[in-house]
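# need the 3D shape of this:
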Amino acid sequence: MNELNKLSAREAVTRLKAGEVSPLEMIDAAAARIEEVEPAVNALPTLCLDRARDKAKALMADKSTDRDANFLHGLPIAVKDLNNVEGVRTTFGSPIFSDNVSAHSDYMVQKLEENGAIVIAKANTPEFGAGANTFNEVFGRTCNPWGLKKNPGGSSGGSAVALASGEVWLATGSDLGGSLRIPASYCSIVGLRPTPGRVASGPSPLPFAAMGVEGPMARNVADVALMLDAQSGPHVGDPISVPPAMPGSFLQAVENPVTPTRIGYSRDFGIVPVDDETAKICADSLRHFTDMGVTVDDACPDLSTAFETFEYLRAALFSAGKEPMLEQYRDQLKPEVIWNIERGLELKAGDIGKAERERAAMYASAAAFFETHDLFASPCVVTAPFDGEIRYLEEINGHKFGNYIDWLVMTFAVTLLGCPAISVPCGFTSEGLPVGLQIVGPPHSEARLLAASKLFEDAAGLSKLVPMNPKETASPVQTG
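Down below sits the predicted model:
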């Protein structure tokens, strides 16, 4: 890992803008690091370095001087393998699409490339992003760099591992039930789930679906803000995408943070057991807020119906989007995807109607909560990273989960609110495995959320631990 790999994304963009380093040099640094660590982590199975170098040469030849303040000046990035990149293999983690080469780029990728990002690789993901462990039948399993036998989280696991390992400076993620936040927590990086519509998504067969979002992943909060500035904004093809809702940039909000006044905290939302060590690490980390004079109380919105509500709405989404695939390719789909589609097909209109009413009640509770609190926080995941060979967590503290997604309740309960949420590193277990704190703000409050998260990150002092060299086995981490 050379000095370029160790730069923050902001530092790299500053050097690129000043001409102190070229996009080609950055690509070479990334390529060398990828060659070094990929045999161990398997995070970026598809490279597009020739395409990247062509883009870099074109960018270097362009002498435009009126570039937007959000321009990334040739910074190499990775794109999750659920997103199309023109001319690049895109598999969606499925053998059905193992030889698929995209003829177009998704809206988000278009926006990032228009703003000077250069795609160098596709990041591994579970099949169609289903599940919070990153493995598939096309590329195999991605390994957590903090202990290669451990689950890196998912479904944006390849992106998170590439960031933690120093392969790239920024990476895209997506989040339906926690797919940005969980791998961020498990790899000790930062992942932001924005408000639906903040980042344009598509083209999609379900353009009005608003639970799944695209978002930024990086090694620290300010780099996440930098990326959100570069990828957000409306697109005519996405009917729920929105224009910027604030003056200035998200990065400016982070650089001039306002300290929150009052934050709620919940160990478990009152609905699920959480591993004691994980819960203690998160609770203890709140001292970083109290030391700033922030009031932290034991409070959160009422999320008591999250399990059934999310199961029904997610299943309806899967059946709407993937029923034709089930009919044609059933023998090539993983069992969890088949279950999710069939669960949706067996639902009645009354089931979906009930779920929508329960979701509305949860949102009303959150709206009332935010009248008296700036933010609320919780553990991001019910436990620290576990054995990567386990497909999904079936039980914790004697509580048996009903299906492959139920163990993600700490994140998918928040998804139902439509609120922006972030995972920020808050500590390590005695074994040396990362734990992330989930912080949640009102809808469209990304600037406030990012600013508070930056204050927390500065106090915790953990962002300096990445990028890091992958470890064969987990070991205690020196954080002092």
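# need the longest helix for the protein.
The longest helix of the chain (DSSP state H) is helix 306-329.
# and the next helix or strand after that one with helix 306-329, angle?
Later in the chain than helix 306-329, the nearest helix or strand by DSSP states H and E is helix 335-345. Computed by axes from the mean of the first three to the mean of the last three CA atoms, to 10 degrees, the angle separating helix 335-345 from helix 306-329 equals 100 degrees.
# packing partners of helix 335-345?
helix 306-329 (3 or more CB pairs under 8 Å, 6 or more residues apart in numbering; DSSP states H and E). For every residue, glycine as well, the C-beta is placed using N, CA and C.
# how near is the residue nearest to residue 412 when sequence neighbours are not counted to residue 227?
Counting by CB to CB, 6 or more residues apart in numbering, the nearest residue to residue 412 once its immediate chain neighbours are dropped is residue 177, at 3.9 Å. Computed with CB to CB, to the nearest Å, the distance linking residue 177 and residue 227 is 22 Å.
# repeat for residue 17
Counting by CB to CB, the gap from residue 17 to residue 227 is 16 Å.
# residue 177 and residue 227: which is more packed in?
The neighbour comparison of residue 177 against residue 227 (other CB atoms under 10 Å) goes to residue 227, with 30 against 25.
# that one and residue 219 touch, don't they?
No - at 11.0 Å, residue 227 and residue 219 do not qualify as touching, with contact defined as CB atoms under 8 Å.
# straight-line length of stretch 458-470, end to end?
From its first residue to its last, stretch 458-470 covers 24 Å (CA to CA, to the nearest Å).
# per-residue confidence for the residue sitting furthest away from the middle of the chain?
Ranking residues of the chain by C-alpha distance from their mean position (CA atoms, centre = their mean) puts residue 63 at the top, at 33.9 Å. Turning to residue 63, the model gives it a pLDDT of 86.
# next one: residue 66
At residue 66, the model reports a pLDDT of 83.
# now swap in residue 307 and tell me
So, for residue 307, pLDDT stands at 98.
# pull the number of nearby residues for residue 271.
Neighbour number of residue 271 under other CB under 10 Å is 15.
# in the longest helix of the chain, what's buried?
Neighbour-count burial for helix 306-329, counted by 16 or more other CB atoms under 10 Å, picks out 306-307, 309-319, 321-322, 325-326.
# any buried residues in stretch 449-469, and which?
For stretch 449-469, using 16+ other CB under 10 Å, the buried residues are 449-457, 460, 462-463, 465-468.
# measure that stretch end to end?
Note: stretch 449-469 ends 30 Å apart using CA to CA.
# so which residue is smack in the middle of this structure?
Nearest residue to the geometric centre of the chain (CA atoms, centre = their mean): residue 180, 1.8 Å.
# check contacts around it.
Listed by CB atoms under 8 Å, 6 or more residues apart in numbering, the contact partners of residue 180 are 156, 173, 174, 191, 192, 193, 215, 217, 423.
# any of those residues buried? List them.
For the contacts of residue 180, buried by 16+ other CB under 10 Å: 156, 173, 174, 191, 192, 193, 215, 217, 423.
# for the stretch 351-480 of the chain, which segments count as strands?
Along the stretch 351-480 of the chain, the stretches classed as strands by DSSP state E, counting those that start in this stretch are 375-379, 395-396, 399-400, 421-428, 434-440.
# OK, contacts around the residue nearest to residue 412?
By CB under 8 Å, 6+ apart, the contact set of residue 177 is 132, 310, 314, 405, 408, 411, 412, 415.
# mind checking pLDDT for it?
With respect to pLDDT, residue 177 has a value of 98.
# could you measure from it over to residue 472?
30 Å.
# and residue 423, by the same measure?
For residue 423, the distance to residue 472 - CB to CB - is 25 Å.
# which positions in stretch 372-380 come out as buried?
373, 374, 375, 376, 377, 378, 379, 380.
# first vs last residue of it, how far apart are they?
23 Å.
# and the strands in the stretch 1-150 of the chain?
Assigned by DSSP E, counting those that start in this stretch, the strands in the stretch 1-150 of the chain fall at 46-47, 75-80, 117-123, 135-136, 140-141.
# mind checking how far stretch 410-428 is from the chain centre?
With CA atoms, centre = their mean, to the nearest Å as the basis, stretch 410-428 stands 10 Å off its chain's centre.
# now that stretch - C-alpha only, CSV.
The C-alpha coordinates for stretch 410-428 follow below in CSV (Å, rounded to 0.1, in the frame of the first residue of the first chain):
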residue,chain,number,x,y,z
MET,A,410,-32.1,-2.9,13.4
THR,A,411,-31.6,-1.5,9.9
PHE,A,412,-34.8,-2.5,8.1
ALA,A,413,-37.0,-1.0,10.9
VAL,A,414,-35.3,2.3,10.0
THR,A,415,-35.8,1.7,6.3
LEU,A,416,-39.6,1.8,6.9
LEU,A,417,-39.4,5.4,8.1
GLY,A,418,-37.8,6.7,4.9
CYS,A,419,-35.3,8.6,7.0
PRO,A,420,-31.6,9.0,6.2
ALA,A,421,-29.4,6.7,8.3
ILE,A,422,-25.7,6.2,8.6
SER,A,423,-23.3,3.6,10.1
VAL,A,424,-20.2,5.1,11.8
PRO,A,425,-17.5,3.0,13.4
CYS,A,426,-17.8,3.1,17.2
GLY,A,427,-15.5,0.4,18.5
PHE,A,428,-14.2,-3.2,18.4
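# quick one: average pLDDT of it?
98.
# same check on stretch 41-50?
Taken as a whole, stretch 41-50 has a mean pLDDT of 98.
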